[in-house]
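Student: Have a look at this prediction, sequence included:
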Amino acid sequence: RDKSNIPLPPAVPGKLPIIGHTHKLFQYMADLQELLKYVTDDCEKKGGVTHFYFGSELYYLLLDPQDALTAANACLTKHYAYDLGKDWMGDGLIISSGDIWKRHRKLLTPAFTLPVIYGFLDVFNSQSKNLVSSMEPHVGKGLFDHFSYMKHNALETLCVGTFGINAIDDKEFTDKYMASVNEMINIGITRVIKFWLQNDFIYSLSGLKKKEEEVIETLHAMANTVLQNKKTAMKNEALDGNTEFETTGTKYKAFLDLLLELSKNGVLTDKEIREEMDTIIAAGYETTSNQLTYTLLLLGAHPEVQEKLYRELLEVLGPDRDVEKDDVTKLVYTNAVLMESLRMFPSVPVILRYVDKDVRLKNYTMRAGSNCVIFPLASYHDQSWGAQTDQFRPERWLDGDFRNNKEFAAFGLGKRACIGRTYAMVSMKVTLAHFLRQYRVKADISKLKIKYEFVLRPESGHEISIERRI
Ligand code: HEM
């Protein structure tokens with residue numbers, strides 16, 4: 001237990017000796033919304049910063065937007081829970097801290113800029129059209145689970161965009177990869193809940209460790225094979241004097257091509273490239289597909305918003321044209337709908353950081369050696385973010401009724417904010433543009449149940465029905 005006498009902010013109620021607030025976590029485990037309501041209501045009443053103990057470990061809960069931003073910039077070291085993904089993603093951006101993170105972030109940033117993402121537009125357009133036609137059998141047939149379609153499609157899009165390979169023709173590839181990612185997430189969750197398994201020795205004795213090794217082998221084998229194929233292809237391309245890749249009939253530079261360019265002078269090793277590929281896929285596919293799942297649910301439950309969005313799509317794109325570079329910034333209402341969906345159901349609902357030095361907030365100082373929690377979901381629960389924050393109203397992003405600023409945490413905050421934000425926003429806009437010009441969506445969001453599995457996953461009640469528009 002830390003011996004610091006720096007005063008603490010108010011405590012979350014319910015602390016017990018030795019276990020601290022751990023029992024509260026277990027009490028609410030099955031109902032994330034209830035847990036969030038419990039802690040955020042309390043934190044809001046107490047001025048936006050509280051503390052709690054997980055066992056003997058001190059945590060600061062930061063609902064106050066300015067304090068959350070201060071903490072996100074001051075605490076760049078990830079919480080130890082991220083280490084559970086280390087055997088899989090190594091020193092990839094999500095997991096790494098310190099100088100490695102700094103160096104990789106600087107190297108990778110150019111691969112995520114708007115001009116690079118615009119290069120993926122053909123992939124986004126063709127993938128969105130695939131998604132639309134894959135759902136065709138459900139037209140007029142009542143409720144169905146669109147989540148699994150979204151996930152497949154987002155993973156395939158990332159495979160094409162990241163690896164530069166046409167994974168669409170190799171369904172086995174995506175199925176196997178997705179099953180392995182799911183296994184990894186389940187193993188990680190089991191290790192968080194059964195905290196004794198975080199001890200490496202105990203873990204090595206458990207059957208789970210063996211399972212993890214098998215799954216990781218699958219994940220790494222795929223990335224390694226792709227990497228080797230790509231290197232060979234790149235050599236041949238260079239011999240031909242061609243620096244762009246022809247994959248799905250469209251010309252663009254995949255993330256992997258850009259990473260390999262960095263490896264030319266030994267800036268990144270093959271292992272580091274593979275770790276970043278695994279990271280980009282893991283960080284990118286469930287986040288965007290979950291967000292689209294929630295967005296369609298929200299639109300299905302709010303026909304007036306859906307009609308307004310449809311009108312914008314027709315105005316900017318007409319009935320069936322692909323989204324082009326100049327269209328992206330014109331889709332203003334589409335952007336507001338996505339931001340509003342991110343505000344209400346952020347795919348990444350919790351951000352955890354380690355506090356490696358004393359950090360001064362507005363009214364408190366966080367103690368070195370503690371941890372802090374930032375809640376992207378705060379802008380849904382906390383009324384200080386604007387009027388009627390529990391309601392889906394994209395207009396709040398357009399009429400200045402919202403603290404629409406750098407404190408909005410759905411893509412993280414400060415220096416370690418999401419590097420894939422532009423990729424995510426452009427790809428989701430393109431998907432909505434194709435989907436909603438083709439189909440009218442209906443849904444009843446009141447039955448939605450969500451669960452926290454590092455990302456915010458729909459558990460039940462997320463089905464939609466679709467009708468053809470044209
Ligand atoms: C709706 C979609 C997305 C959401 C809501 C989202 C959210 C976030 C958040 C909240 C963080 C910060 C996590 C933390 O500080 O602990 C983050 C980091 C990250 N995201 Fe995203 N993300 C999305 C899509 C993507 C995509 C599409 C990619 C890649 C193509 C991506 C790649 C990353 C990476 C690599 C990091 C780590 C950045 C670093 O630590 O330097 N994300 N994301």
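Tutor: Yep, that arrived. Note that this is a predicted model, so its numbers are computed, not measured. Residues are numbered from 1 along each chain as shown.
Student: what are the ranges of the helices in the stretch 351-470 of the chain?
Tutor: 378-381, 421-438 (DSSP state H, counting those that start in this stretch).
Student: Out of those helices, which is closest to the ligand?
Tutor: Nearest of the helices of the stretch 351-470 of the chain to the ligand, taken as CB to the nearest ligand atom: helix 421-438 at 3.7 Å. Every residue, glycine included, has its C-beta placed from N, CA and C.
Student: and the closest one, what does it pack onto?
Tutor: helix 114-118, helix 121-134, helix 147-158, helix 270-301, helix 303-317, helix 325-328, helix 332-344 (3 or more CB pairs under 8 Å, 6 or more residues apart in numbering; DSSP states H and E).
Student: re the thing from before, take the helices of the stretch 351-470 of the chain and write them to JSON lines, including distance to residue 130, mean pLDDT and mean neighbour count.
Tutor: As requested, the helices of the stretch 351-470 of the chain are exported to JSON lines (distance: least, CB to CB, whole Å; pLDDT from 0 to 100; neighbours: other CB atoms under 10 Å):
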{"stretch": "helix 378-381", "distance to residue 130": "32", "mean pLDDT": "76", "mean neighbour count": "23"}
{"stretch": "helix 421-438", "distance to residue 130": "9", "mean pLDDT": "97", "mean neighbour count": "23"}
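Student: May I see those organised as CSV, with distance to residue 359 added?
Tutor: Supplementary listing: those in CSV, determined by distance: least, CB to CB, whole Å:
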stretch, distance to residue 359
helix 378-381, 19
helix 421-438, 25
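Student: right, and the ones you listed - which one's nearest residue 402?
Tutor: Closest to residue 402 of the helices of the stretch 351-470 of the chain is helix 378-381 (CB to CB; 8.1 Å).
Student: Show me what the closest one is in contact with.
Tutor: Applying CB atoms under 8 Å, 6 or more residues apart in numbering, the contact partners of helix 378-381 are 36-37, 40-41, 44, 63, 65, 68, 343-345, 375, 385, 389-390, 403, 408-410.
Student: Give me the subset of those residues that also touch the ligand.
Tutor: Applying CB under 6 Å from any ligand atom to these, one finds that residue 410 fall near the ligand.
Student: Of all residues in the chain, which one is closest to the ligand?
Tutor: Here the chain gets closest to the ligand at one residue, residue 420, 2.2 Å apart by CB to the nearest ligand atom.
Student: Could you tell me the per-residue confidence at residue 250?
Tutor: pLDDT for residue 250: 44.
Student: that older thread, is it possible to export the helices and strands packed on helix 421-438 to CSV including mean neighbour count and distance to residue 448?
Tutor: CSV is the format used below for those (neighbours: other CB atoms under 10 Å; distance: least, CB to CB, whole Å):
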stretch, mean neighbour count, distance to residue 448
helix 114-118, 16, 30
helix 121-134, 19, 21
helix 147-158, 23, 11
helix 270-301, 24, 6
helix 303-317, 16, 17
helix 325-328, 15, 29
helix 332-344, 22, 11
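Student: With mean pLDDT as added columns, please give these in JSON lines.
Tutor: Converted to JSON lines, the helices and strands packed on helix 421-438 look like this (pLDDT from 0 to 100):
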{"stretch": "helix 114-118", "mean pLDDT": "90"}
{"stretch": "helix 121-134", "mean pLDDT": "94"}
{"stretch": "helix 147-158", "mean pLDDT": "88"}
{"stretch": "helix 270-301", "mean pLDDT": "92"}
{"stretch": "helix 303-317", "mean pLDDT": "98"}
{"stretch": "helix 325-328", "mean pLDDT": "96"}
{"stretch": "helix 332-344", "mean pLDDT": "96"}
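Student: Of these, which is nearest residue 177?
Tutor: Nearest to residue 177, of all those, is helix 147-158, at 6.8 Å by CB to CB.
Student: Heading C-terminal from the closest one, find the next helix or strand.
Tutor: helix 171-193 (DSSP states H and E).
Student: what pairs with residue 465 across the strands?
Tutor: When assigned by DSSP bridges, residue 465 has beta-bridge partners residue 442.
Student: That one and residue 37: what is the separation?
Tutor: According to CB to CB, to the nearest Å, residue 465 and residue 37 sit 30 Å apart.
Student: Looking at these two, which one has more neighbours?
Tutor: residue 465 (19 against 13; other CB atoms under 10 Å).
Student: wait, that one sits on residue 139?
Tutor: No. Using CB atoms under 8 Å, residue 465 is not in contact with residue 139; the gap is 9.0 Å.
Student: So which bits of the helix or strand where residue 210 lies are buried?
Tutor: Secondary structure assigned from DSSP H and E places residue 210 in helix 207-240. By 16 or more other CB atoms under 10 Å, the buried positions in helix 207-240 come out as 208-209, 212, 215-216, 218-220, 222-223, 226-227, 230, 233-234, 237.
Student: name the helices or strands packed onto that helix?
Tutor: Other helices and strands packing on helix 207-240, by 3+ CB pairs under 8 Å, 6+ apart, are helix 86-89, helix 171-193, helix 255-263, helix 270-301.
Student: Can you name the residues that contact the spatially most central residue of the chain?
Tutor: Centre of the chain computed as the mean C-alpha position; nearest residue by CA atoms, centre = their mean is residue 287, 3.4 Å away. When contacts are counted by CB under 8 Å, 6+ apart, residue 287 touches 347, 348, 420, 424, 455.
Student: And it, how close does it get to residue 107?
Tutor: 22 Å.
Student: before we move on, the earlier item: quick one: which of the helices and strands packed on helix 207-240 is nearest residue 55?
Tutor: That would be, of the helices and strands packed on helix 207-240 and by CB to CB, helix 171-193, which comes in at 12.5 Å.
Student: contact partners of that closest one?
Tutor: With contacts defined as CB under 8 Å, 6+ apart, helix 171-193 is touched by 29, 81, 84-85, 88, 151-152, 155-156, 159, 167, 197-198, 203, 208, 211-212, 215-216, 218-219, 222, 281-282, 285-286, 453-454.
Student: of all the residues in this structure, which ones are close to the ligand?
Tutor: For the chain, the residues in contact with the ligand (CB under 6 Å from any ligand atom) are 93-94, 105, 279-280, 283-284, 287-288, 291, 346-348, 351, 376, 410-412, 416, 418-420, 423-424.
Student: For residue 18, find the nearest of the helices and strands packed on helix 207-240.
Tutor: Evaluated with CB to CB, these place helix 171-193 nearest to residue 18, the distance being 18.2 Å.
Student: and the angle from that closest one to helix 270-301?
Tutor: Orientation check (axes from the mean of the first three to the mean of the last three CA atoms, to 10 degrees): helix 171-193 against helix 270-301 gives 90 degrees.
Student: Helix 171-193: which residues count as buried?
Tutor: 173, 174, 177, 178, 180, 181, 183, 184, 185, 187, 188, 191.
Student: need the residues you listed in TSV with pLDDT and distance to residue 269, can you?
Tutor: Listed next are the buried residues of helix 171-193 as TSV, based on pLDDT from 0 to 100; distance: CB to CB, whole Å:
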residue	pLDDT	distance to residue 269
173	70	25
174	71	27
177	79	23
178	80	27
180	86	23
181	83	23
183	87	27
184	85	23
185	80	27
187	87	26
188	81	25
191	80	28
